[in-house]
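> Based on what follows, work out the 3D shape:
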Amino acid sequence: MATRPVLQFKITLREIESPIWRRIQLSDLCSFWDLHVAIQDVMGWTDSHLHEFTVYNPVTTEREHIGIPHSEDGLYTVLEGWRLNVRDYVALPSNHIVFYLYDFGDNWEHLIEFEGKFEKQPNVKYPLCIDGERACPPEDVGGSSGYEHFVEAITTQRHPDRKDLLQWVGGKYDPNYFDPNKVKFDNPTKRWKNAFEREGAI
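Next up, the predicted model:
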């Protein structure tokens with residue numbers, strides 16, 4: 001019996017000297033909202049800020065912004081990520097690379113590389129984290145420059161900020177640690193309902 005394929009992506013956090021990256025597989029039926037939730041979970045973010053994908057429309061070839069609609073500046077329209085399927089976009093050769101922005105303050109830019117379709121494996125639950133390296137930066141650390149200072153401080157025994165920063169992140173943080181087997185993926189439908197339905201925002 002034939003099964004639907006899964007899509008494979010490599011996610012790399014930009015502007016970090018020693019790469020922080022993840023490789024995931026998820027259903028080819030996934031929406032951009034599903035992909036967003038998977039990225040949040042596999043990277044280690046807490047989904048506490050706005051996000052946005054930048055990709056090219058496969059029909060018009062025009063650049064589009066996909067995520068949670070907002071009207072802060074009105075410079076462009078943000079399409080609802082839960083209404084658009086990822087597979088419809090990555091079929092375009094130019095969309096083998098997609099940009100994902102998380103937290104418009106810290107400005108975390110992720111490079112999302114589509115690595116192709118693969119056969120779904122029996123008895124495997126998707127999304128699935130295949131591989132990755134290094135820990136996700138703490139939320140609200142101040143972007144790439146703030147993260148650089150944070151890592152320098154906590155790894156320098158006599159740094160004046162070391163104690164306060166370690167306390168801020170809960171007592172310990174190893175920038176080199178990542179275990180793909182420890183990744184837990186949330187239910188995107190449940191996440192959407194918690195974010196919007198209770199507030200009547202959408």
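
> so what's G170 up against?
Residues near G170 by C-beta atoms under 8 Å, 6 or more residues apart in numbering: none. C-beta: built from backbone N, CA, C; applies to glycine.

> Could you check the pLDDT of it?
You'll see G170 listed with a pLDDT of 94.

> Does it belong to a helix, a strand or coil?
coil (DSSP: H, G, I helix; E, B strand; the rest coil).

> Can you give me the distance of it to P138?
Distance of G170 to P138, given as C-beta to C-beta, to the nearest Å: 9 Å.

> all strands of this structure, in order?
6-13, 21-27, 51-56, 63-67, 78-80, 97-102, 108-118, 128-133 (DSSP state E).

> mind checking which of the ones you listed is nearest F196?
Using C-beta to C-beta as the measure, strand 78-80 is the one of the strands of the chain that comes nearest F196, at 10.2 Å.

> Skipping adjacent residues, who's closest to R14 in space?
E109 (4.3 Å; C-beta to C-beta, 6 or more residues apart in numbering).

> And G143, by the same measure?
D106 (4.2 Å).

> Pretty sure the one you found sits against F150.
No. At 11.6 Å, D106 does not count as touching F150 under the criterion of C-beta atoms under 8 Å.

> Pull up the overlap in contacts between those two.
141-142.

> between the two, who's got more neighbours?
F150 (22 against 18; other C-beta atoms under 10 Å).

> What separation do you get for that one and H70?
Distance from F150 to H70, by C-beta to C-beta: 28 Å.

> just A91 next, same as before
28 Å.

> try F32
Applying C-beta to C-beta to F32 and H70 gives a distance of 15 Å.

> ok, the two, which is more surrounded?
Remark: of F32 and H70, F32 carries more neighbours, 25 against 11, as counted by other C-beta under 10 Å.

> residues contacting the more buried one?
53, 66-67, 81-82, 84-86.

> Include distance to S18, neighbour count and pLDDT when you put those into JSON lines, please.
Below are these laid out as JSON lines (distance: C-beta to C-beta, whole Å; neighbours: other C-beta atoms under 10 Å; pLDDT from 0 to 100):
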{"residue": "F53", "distance to S18": "25", "neighbour count": "24", "pLDDT": "96"}
{"residue": "I66", "distance to S18": "29", "neighbour count": "28", "pLDDT": "96"}
{"residue": "G67", "distance to S18": "28", "neighbour count": "21", "pLDDT": "96"}
{"residue": "G81", "distance to S18": "30", "neighbour count": "24", "pLDDT": "96"}
{"residue": "W82", "distance to S18": "34", "neighbour count": "18", "pLDDT": "96"}
{"residue": "L84", "distance to S18": "33", "neighbour count": "18", "pLDDT": "96"}
{"residue": "N85", "distance to S18": "34", "neighbour count": "14", "pLDDT": "95"}
{"residue": "V86", "distance to S18": "28", "neighbour count": "28", "pLDDT": "95"}
